[in-house]
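Q: Pasting a predicted model and its sequence here:
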Amino acid sequence: MLETNTDRFWWMIGALSVGGAVFAVLKLKYPELLDKGIENLLGSFPNIAGVASGLLNLFS
């Protein structure tokens, strides 16, 4: 039996490997779908410059 931290580490490596493999297969098989999904995800975040200027305006 492995030590608890070592065991978690190997599970993390396995999860990252499987996730990377799934991402690579999706990128090779369906590049337009993955690009559209990434674009949609990044478009849902607020503009960092707008957030920073809003916070600065709060304190001025």
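A: Received, thanks.

Q: Tell me the confidence at W11?
A: On pLDDT, W11 comes in at 91.

Q: How much space separates it from G43?
A: The gap separating W11 from G43 is 33 Å, by CB to CB, to the nearest Å. Placement of C-beta: from N, CA and C, glycine included.

Q: neighbour-wise, which of these two wins?
A: W11 (10 against 7; other CB atoms under 10 Å).

Q: Only the buried residues of the helix or strand in which that one is found, if you could.
A: Using DSSP states H and E, W11 falls within helix 4-29. By neighbour count on 16 or more other CB atoms under 10 Å, the buried set for helix 4-29 is empty.

Q: I'd like to know which elements that helix is packed against.
A: Under the contact definition 3 or more CB pairs under 8 Å, 6 or more residues apart in numbering; DSSP states H and E, helix 4-29 sits against helix 31-43.

Q: Check what contacts the helix it packs on and list those residues.
A: F23, L26, K27 (CB atoms under 8 Å, 6 or more residues apart in numbering).
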